[in-house]
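1. Below are the sequence and a predicted model for it; my questions follow.
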Amino acid sequence: AQSVTQLDSHVSVSEGTPVLLRCNYSSSYSPSLFWYVQHPNKGLQLLLKYTSAATLVKGINGFEAEFKKSETSFHLTKPSAHMSDAAEYFCVVTGGSGGYNKLIFGAGTRLAVHP
Amino acid sequence: DGGITQSPKYLFRKEGQNVTLSCEQNLNHDAMYWYRQDPGQGLRLIYYSQIVNDFQKGDIAEGYSVSREKKESFPLTVTSAQKNPTAFYLCASSRENSNQPQHFGDGTRLSIL
């Protein structure tokens, strides 16, 4: 069965410093992985996706993630945090079974950015 | 611009009342989904539909019902049988193929009066 674990429920950084949001996954086959961002009282916006092409994936707003099969990780990074990056971030893996596009969500990581 | 529209943004329910949340998409996607989000938790799947006139229960379907009469529309009814309906409800759509990302609406926040 597929699962995803976000290792930190809260991360706090200063503006201009690097961001690292950690995600480990479990899958019995080669999964697709996504990172979504959610601002307060809003829907989820796709940041980036990995679908078995390049292992380093670039997304919107300067975010990127690296798929490491040996570590079953898909950590999200950004070189320099901006105040507007403060939001909740979800790591998501495709479920792959049942004949439909099932997504399995992590519990989320809340990112705070301080001046 | 293509997207998903959910309405209303805020909704209040009285005891014993059914309420319906609207979800409309103009992305020409075959598949649509309803999720429930509670504080500190990820999203949980309520119902999904892969094609018009067909839908399936997700992980937490009890107390909810849906219909899919048109490709563009996938309304969710929260019935009086749902004893803890207070939550943020999100609608999504995607191409039918697996491994595709889902596109989300801006959600409806449901509260109990």
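-> Structure received.

2. so what does the helix or strand harbouring B:Arg36 touch, helix or strand wise?
-> Using DSSP states H and E, B:Arg36 falls within strand B:31-37. Using 3 or more CB pairs under 8 Å, 6 or more residues apart in numbering or on different chains; DSSP states H and E, the elements in contact with strand B:31-37 are strand B:19-25, strand B:43-51, strand B:87-94. C-betas here are computed from N, CA, C, even on glycine.

3. where's the shortest one relative to the chain centroid, distance-wise?
-> Here the centre of mass of C-alpha atoms in strand B:19-25, compared against the chain's by CA atoms, centre = their mean, to the nearest Å, lies 7 Å away.

4. Let me know the angle separating the strand holding B:Arg36 from strand B:43-51.
-> Angle of strand B:31-37 versus strand B:43-51, following axes from the mean of the first three to the mean of the last three CA atoms, to 10 degrees, is 160 degrees.

5. thinking again about what came up before, take the helices and strands packed on strand B:31-37 and write them to CSV, including mean pLDDT, mean neighbour count and distance to A:Pro18.
-> CSV is the format used below for the helices and strands packed on strand B:31-37 (pLDDT from 0 to 100; neighbours: other CB atoms under 10 Å in any protein chain shown; distance: least, CB to CB, whole Å):
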stretch, mean pLDDT, mean neighbour count, distance to A:Pro18
strand B:19-25, 97, 19, 36
strand B:43-51, 93, 21, 28
strand B:87-94, 95, 24, 30
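
6. Adding distance to B:Phe104, write the ones you listed out as CSV.
-> What follows is the helices and strands packed on strand B:31-37, written out as CSV (distance: least, CB to CB, whole Å):
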stretch, distance to B:Phe104
strand B:19-25, 10
strand B:43-51, 9
strand B:87-94, 5
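
7. where's the spatially most central residue of chain B relative to A:Ser27, distance?
-> The centre of chain B sits closest to B:Trp34, judged by CA atoms, centre = their mean, with a distance of 2.9 Å. Counting by CB to CB, to the nearest Å, the gap from B:Trp34 to A:Ser27 is 25 Å.

8. since we're on the residue nearest to A:Ile60 when sequence neighbours are not counted, how many residues are nearby?
-> Using CB to CB, 6 or more residues apart in numbering or on different chains and skipping the chain neighbours, the partner closest in space to A:Ile60 is A:Leu47 (5.9 Å). The number of residues packed near A:Leu47 is 21, by other CB atoms under 10 Å in any protein chain shown.

9. now the strands for chain A?
-> For chain A, the strands defined by DSSP state E occupy A:3-6, A:10-14, A:19-21, A:23-26, A:33-38, A:44-50, A:56-58, A:64-68, A:73-78, A:87-94, A:103-105, A:109-114.

10. Figure out which of those is closest to B:Glu24.
-> Proximity to B:Glu24 (CB to CB) singles out strand A:44-50 among the strands of chain A, at 17.6 Å.

11. is it true that A:Lys102 touches A:Thr94?
-> Yes: counting by CB atoms under 8 Å, a contact exists between A:Lys102 and A:Thr94, whose distance comes to 6.8 Å.

12. Comparing these two, which shows the higher neighbour count?
-> Set A:Lys102 next to A:Thr94 and count neighbours by other CB under 10 Å: A:Thr94 wins out with 24 against 18.

13. Pairing partners for that one in the sheet, please.
-> A:Thr94 forms beta bridges with A:Leu103, as assigned by DSSP bridges.

14. Now do the contacts for it.
-> Counting by CB atoms under 8 Å, 6 or more residues apart in numbering or on different chains, A:Thr94 makes contact with A:2, A:31-33, A:101-104, B:98-99.

15. any weak-confidence spans in the chain?
-> Just so you know, I chose chain A. Low-confidence segments of chain A (pLDDT under 70): A:95-100.

16. Chain B, not that one
-> Scanning chain B for pLDDT under 70 picks out B:1, B:97-98.
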